[in-house]
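[1] This is a predicted model, with the sequence first.
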Amino acid sequence: FIMLVWLSVLLLAPFPFSSWPTADVPKRIARCCTTALQGHCERLHRAAALCLARLIAREDILQNSVKNDFFAQLSALPEITSVSEDPNGRQSPCILVAHQLSKLPTLRNMPNSELIVIVQAASRAWGLRGVPKKIVVALCGRICAELVDRECPDHVRQARQQWRYRQAGGRRLCSSLPQEAPSEAKKEKVDDEMTVAEFSMRESVQTLVEDVIGEILLPSLEDPVTVVRWAAAKALGRVSNVLPSAAAVDVLAALTPDGDDGLRSLGSAHRLHGTSLAVAEMLRRLGSTALAFDSPESLESLLDKVARPAFECQGLAATRDAACFVLWAVARGVCDQEIVSRNLDMILRLLVRSRYWWRITSLDDELLSAEWNPSLTGNVRPLAQPGNKQSLRGFCFDGIALEGFSFPTALSCDCVDS
């Protein structure tokens, strides 16, 4: 394991491989990593896959046989059509290497044809034994996002950056300083940017992305394994926020079914958890999806369909964590003062109706447990499970004033389940 780590670091060296003593050094490294991938240690697999990925990404190797062998293995995956034909999971190593390759910054230098081959191979390996679902989901999400981003014109990318910049400043919308109402010119400018955010993609890329979203990412949201649901939610958020605004809204509409019951009609607690996580990821990235919420009514509809059912779900404790995540993403991603002020009462009622108690901790470490009361002051942090890393991503108001309720930084407040 230590040897593979050093090899991986060595492959980042700036000097060319032509200065190495022997020309077959890349082949020797590849054989060493391939042997390590046949073991049963997950850490060893990651180190070997990362080492091979960095070797494949080297552009200074003439006739890179390791890269050629890698894509030859990916192209051979169509021959494996069932689990019985691949009892030992031979396709798993190349998928692990592709996953590490998608994390490298050199992914931007790879041609579209190679990226499409990787996504198609991962799609064919979906569901086969020996290939972790979370790896396939994350791999498809990263590469599809890169493919769509390459289709995005420069003026659309610039408009998104300006949107993010304004939203980052808008997070202080509840400060004590008076805020001027947006003028008609500013509203027209925002509408123009939403129109500018539309662009067309090549048919091959559009078809590939639609297949990945419909056949891999959306079904993974109801997977019984929690890490798969998290990976699918992050992948959906990553892909949706580089799509054209209309396409991103379509993805969001597919996640939130119509009807009075909202997400309750989904039935499965696992699907409810994965869907609420996906909505939160799509909102918090401040991309195309956030542009869809231009009115308080649309935000209120989202909270009714996603956050409220997730808070009230009794079948899976993690859904309450996901609901906190949705609320936090709304506050972070949709920071128009009018939207938040008109929906603040409903958000607070959501928190009150959930079975949560608040533990208020003062500066002198004096503890006071009480049911939530708007007259109390403190930094509000609803956490579904105290100490859980994912819970720390919950909805929080930090040092801001909400509708006359002050939350100074002198006090800290943690949420514990009743």
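    That came through, no problem. Owing to the predicted nature of the structure, the values given are computational and were not obtained by experimental measurement.

[2] The residue nearest to Ser204 when sequence neighbours are not counted - how many residues pack around it?
    Among residues not flanking Ser204 along the chain, Ile116 sits closest, at 7.2 Å (C-beta to C-beta, 6 or more residues apart in numbering). Placement of C-beta: from N, CA and C, glycine included. By other C-beta atoms under 10 Å, the residues close to Ile116 number 16.

[3] which residues in the stretch 51-200 of the chain form helices?
    Remark: helices assigned in the stretch 51-200 of the chain by DSSP state H, counting those that start in this stretch are 65-75, 92-103, 112-124, 133-151, 154-170, 184-196.

[4] wait, which of those is closest to Arg46?
    Comparing the helices of the stretch 51-200 of the chain by their distance to Arg46 (C-beta to C-beta), the top pick is helix 92-103, with 7.3 Å.

[5] what's that closest one packed up against?
    helix 42-57, helix 65-75, helix 112-124, helix 133-151 (3 or more C-beta pairs under 8 Å, 6 or more residues apart in numbering; DSSP states H and E).

[6] So for it, mean pLDDT?
    In this model, helix 92-103 carries a mean pLDDT of 85.

[7] hmm, back to that, redo the helices and strands packed on helix 92-103 as TSV? Include distance to Glu281 and mean pLDDT.
    Shown next, in TSV, are those (distance: least, C-beta to C-beta, whole Å; pLDDT from 0 to 100):
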stretch	distance to Glu281	mean pLDDT
helix 42-57	24	80
helix 65-75	28	82
helix 112-124	20	89
helix 133-151	10	91
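
[8] okay if I get those helices as TSV plus distance to Ala254?
    Below are the helices and strands packed on helix 92-103 laid out as TSV (distance: least, C-beta to C-beta, whole Å):
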stretch	distance to Ala254
helix 42-57	33
helix 65-75	29
helix 112-124	19
helix 133-151	16
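
[9] Any idea how many residues pack against Met110?
    Met110 has 18 nearby residues by other C-beta under 10 Å.

[10] what's the straight distance from one end of stretch 32-49 to the other?
    11 Å (C-alpha to C-alpha, to the nearest Å).

[11] Would you mark the buried spots in it?
    32-33, 36-37, 44-49 (16 or more other C-beta atoms under 10 Å).

[12] that older thread, so the residue nearest to Ser204 versus Ala269, what's the distance?
    Ile116 sits 36 Å away from Ala269, going by C-beta to C-beta, to the nearest Å.

[13] ditto for Leu74
    Counting by C-beta to C-beta - Leu74 and Ala269 are separated by 36 Å.

[14] and these two? which has more neighbours close in?
    Remark: of Leu74 and Ala269, Leu74 carries more neighbours, 22 against 17, as counted by other C-beta under 10 Å.

[15] hang on, isn't the more buried one packed against Ile116?
    No: if you go by C-beta atoms under 8 Å, Leu74 and Ile116 don't touch, sitting 10.7 Å apart.

[16] Show me the one of the helices of the stretch 51-200 of the chain that comes nearest Gly274.
    helix 133-151 (11.0 Å).

[17] quick one, that closest one and helix 92-103 angle?
    Counting by axes from the mean of the first three to the mean of the last three C-alpha atoms, to 10 degrees, helix 133-151 points 40 degrees away from the direction of helix 92-103.

[18] Next, Leu243: phi, psi?
    The phi and psi torsions at Leu243 (degrees, to the nearest 10) take the values phi -70, psi 160.

[19] That one is in contact with Val251, isn't it?
    Yes: counting by C-beta under 8 Å, Val251 is a contact partner of Leu243 at 7.2 Å.

[20] Who has more neighbours out of these two?
    Leu243 (27 against 23).

[21] re earlier: out of the helices of the stretch 51-200 of the chain, flag the one nearest Val212.
    Taking the helices of the stretch 51-200 of the chain one by one with C-beta to C-beta, helix 133-151 is closest: 4.8 Å.

[22] List the buried residues of that closest one.
    Neighbour counts over helix 133-151 (16+ other C-beta under 10 Å) mark 133-148, 151 as buried.

[23] Counting by contacts, list what the helix or strand hosting Ser276 packs against.
    Taking DSSP states H and E as the criterion, Ser276 maps to helix 269-284. Judged by 3+ C-beta pairs under 8 Å, 6+ apart, the packing partners of helix 269-284 are helix 226-240, helix 245-255, helix 308-312, helix 318-333.

[24] So which bits of it are buried?
    Buried residues in helix 269-284 (16+ other C-beta under 10 Å): 269-284.

[25] Just flag the most distant two among those residues.
    Checking the buried residues of helix 269-284 with C-beta to C-beta, the most distant pair is Ala269 and Arg284, at 22.5 Å.

[26] circling back to that earlier point, Pro105: which of the helices and strands packed on helix 92-103 is closest?
    helix 42-57 (8.9 Å).

[27] before we move on, the earlier item: would you mind putting the helices of the stretch 51-200 of the chain into TSV with distance to Trp230 alongside?
    Shown next, in TSV, are the helices of the stretch 51-200 of the chain (distance: least, C-beta to C-beta, whole Å):
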stretch	distance to Trp230
helix 65-75	26
helix 92-103	15
helix 112-124	18
helix 133-151	8
helix 154-170	23
helix 184-196	30
